[in-house]
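Chemist: Take a look and give me a structure for this.
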Amino acid sequence: MKPGLSGITRIMAATRNSFRGIRDAWQHESAFRLDTCLSVVLLLISFWLAQTLVEWLLLILPLFLLIIIEVLNSAIENTVDRIGGERHILSGRAKDMGSAAVMFCLVLIAIIWLSMIWSRFFV
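Modeler: Numbering: from 1, shown residues only. Okay, here's the model as predicted:
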(Lines give C-alpha, C1' and ligand atoms only; values in the text may rest on other atoms or scores of the structure.)
Protein backbone atom coordinates (compact mmCIF):
# COMPACT_ATOMS: atom_id res chain seq x y z
CA MET A 1 0.00 0.00 0.00
CA LYS A 2 1.39 3.36 -0.97
CA PRO A 3 1.78 5.98 1.74
CA GLY A 4 -0.75 8.76 2.00
CA LEU A 5 -4.37 9.03 2.97
CA SER A 6 -6.19 6.20 4.68
CA GLY A 7 -9.61 5.34 5.97
CA ILE A 8 -12.45 7.80 5.56
CA THR A 9 -10.06 10.53 4.39
CA ARG A 10 -8.98 8.33 1.48
CA ILE A 11 -12.61 7.57 0.60
CA MET A 12 -13.50 11.27 0.66
CA ALA A 13 -10.52 12.15 -1.55
CA ALA A 14 -11.39 9.37 -4.00
CA THR A 15 -14.99 10.61 -4.12
CA ARG A 16 -13.82 14.18 -4.86
CA ASN A 17 -11.58 12.84 -7.62
CA SER A 18 -14.47 10.85 -9.09
CA PHE A 19 -16.76 13.88 -9.17
CA ARG A 20 -13.96 15.93 -10.74
CA GLY A 21 -13.63 13.22 -13.41
CA ILE A 22 -17.37 13.36 -14.11
CA ARG A 23 -17.23 17.16 -14.34
CA ASP A 24 -14.22 17.07 -16.67
CA ALA A 25 -15.82 14.41 -18.87
CA TRP A 26 -18.97 16.53 -19.15
CA GLN A 27 -17.02 19.73 -19.91
CA HIS A 28 -14.49 18.31 -22.36
CA GLU A 29 -15.99 15.22 -24.00
CA SER A 30 -18.92 15.71 -26.35
CA ALA A 31 -19.36 11.92 -26.73
CA PHE A 32 -19.78 11.67 -22.94
CA ARG A 33 -22.46 14.37 -23.00
CA LEU A 34 -24.25 12.66 -25.88
CA ASP A 35 -24.13 9.23 -24.24
CA THR A 36 -25.28 10.71 -20.92
CA CYS A 37 -28.24 12.46 -22.55
CA LEU A 38 -29.18 9.27 -24.41
CA SER A 39 -28.95 7.32 -21.15
CA VAL A 40 -31.12 9.81 -19.27
CA VAL A 41 -33.82 9.70 -21.97
CA LEU A 42 -33.76 5.91 -22.06
CA LEU A 43 -33.76 5.76 -18.26
CA LEU A 44 -36.97 7.78 -18.19
CA ILE A 45 -38.54 5.56 -20.86
CA SER A 46 -37.46 2.45 -18.94
CA PHE A 47 -39.90 3.25 -16.13
CA TRP A 48 -42.72 2.99 -18.66
CA LEU A 49 -41.41 0.08 -20.72
CA ALA A 50 -40.34 -2.35 -18.00
CA GLN A 51 -43.06 -4.42 -16.39
CA THR A 52 -40.90 -6.03 -13.69
CA LEU A 53 -37.87 -5.09 -11.65
CA VAL A 54 -35.74 -7.57 -13.59
CA GLU A 55 -36.82 -6.03 -16.91
CA TRP A 56 -36.05 -2.56 -15.59
CA LEU A 57 -32.58 -3.65 -14.45
CA LEU A 58 -31.99 -5.29 -17.83
CA LEU A 59 -32.83 -2.00 -19.52
CA ILE A 60 -30.76 0.31 -17.32
CA LEU A 61 -27.63 -1.72 -16.62
CA PRO A 62 -26.22 -1.33 -20.16
CA LEU A 63 -26.89 2.42 -19.91
CA PHE A 64 -24.58 2.63 -16.92
CA LEU A 65 -22.13 0.38 -18.75
CA LEU A 66 -22.16 2.84 -21.68
CA ILE A 67 -21.23 5.74 -19.40
CA ILE A 68 -18.49 3.70 -17.73
CA ILE A 69 -17.00 2.62 -21.06
CA GLU A 70 -17.20 6.15 -22.45
CA VAL A 71 -15.30 7.51 -19.44
CA LEU A 72 -12.63 4.83 -19.85
CA ASN A 73 -12.44 5.51 -23.60
CA SER A 74 -11.95 9.22 -22.88
CA ALA A 75 -9.25 8.39 -20.34
CA ILE A 76 -7.43 6.29 -22.95
CA GLU A 77 -7.69 9.07 -25.52
CA ASN A 78 -6.44 11.70 -23.07
CA THR A 79 -3.53 9.52 -22.01
CA VAL A 80 -2.51 8.81 -25.60
CA ASP A 81 -2.77 12.51 -26.49
CA ARG A 82 -0.71 13.46 -23.42
CA ILE A 83 2.07 11.00 -24.23
CA GLY A 84 2.73 12.47 -27.63
CA GLY A 85 1.22 14.30 -30.55
CA GLU A 86 2.99 12.36 -33.28
CA ARG A 87 1.02 9.71 -35.12
CA HIS A 88 1.86 6.17 -34.04
CA ILE A 89 0.15 2.95 -35.00
CA LEU A 90 -0.20 1.85 -31.36
CA SER A 91 -1.73 5.18 -30.34
CA GLY A 92 -4.28 4.89 -33.11
CA ARG A 93 -4.95 1.28 -32.22
CA ALA A 94 -5.56 2.15 -28.55
CA LYS A 95 -8.01 4.91 -29.50
CA ASP A 96 -9.80 2.68 -32.02
CA MET A 97 -10.14 -0.14 -29.47
CA GLY A 98 -11.66 2.25 -26.94
CA SER A 99 -14.09 3.44 -29.59
CA ALA A 100 -14.92 -0.16 -30.47
CA ALA A 101 -15.80 -0.84 -26.81
CA VAL A 102 -18.27 2.05 -26.89
CA MET A 103 -19.74 0.75 -30.15
CA PHE A 104 -20.20 -2.76 -28.72
CA CYS A 105 -22.02 -1.28 -25.75
CA LEU A 106 -24.31 0.72 -28.03
CA VAL A 107 -25.08 -2.46 -29.98
CA LEU A 108 -25.82 -4.24 -26.70
CA ILE A 109 -28.21 -1.46 -25.71
CA ALA A 110 -29.95 -1.67 -29.09
CA ILE A 111 -30.33 -5.46 -28.86
CA ILE A 112 -31.73 -5.35 -25.32
CA TRP A 113 -34.06 -2.42 -25.91
CA LEU A 114 -35.37 -3.65 -29.26
CA SER A 115 -35.91 -7.13 -27.81
CA MET A 116 -37.81 -5.67 -24.87
CA ILE A 117 -39.95 -3.50 -27.16
CA TRP A 118 -40.59 -6.48 -29.46
CA SER A 119 -41.62 -8.75 -26.59
CA ARG A 120 -43.85 -6.10 -25.03
CA PHE A 121 -45.71 -4.96 -28.15
CA PHE A 122 -45.39 -7.63 -30.83
CA VAL A 123 -45.48 -11.02 -29.09
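Chemist: Give the burial count for Ala25, as a bare number.
Modeler: Ala25 sits with 20 neighbouring residues when counted by other Cβ atoms under 10 Å. For the C-beta atoms, the positions are set from N, CA and C on the backbone; glycine is no exception.
Chemist: Tell me the confidence at the closest residue to it other than its chain neighbours?
Modeler: Leaving aside its chain neighbours, Ala25 sits nearest to Phe32 (4.3 Å; criterion: Cβ to Cβ, 6 or more residues apart in numbering). For Phe32, the pLDDT comes out at 97.
Chemist: pretty sure Phe32 is in contact with Ile69, am I right?
Modeler: No. Phe32 is beyond contact range of Ile69, at 10.5 Å (criterion: Cβ atoms under 8 Å).
Chemist: Report the contact partners of the residue nearest to Ala25.
Modeler: Phe32 makes contacts with 25-26, 67, 70-71, 74, as judged by Cβ atoms under 8 Å, 6 or more residues apart in numbering.
Chemist: Report the buried residues of the lengthiest helix in the chain.
Modeler: Criterion DSSP state H: the longest helix present in the chain is helix 89-121. Neighbour-count burial for helix 89-121, counted by 16 or more other Cβ atoms under 10 Å, picks out 91, 94-95, 98-99, 101-102, 105-106, 109, 112-113, 116.
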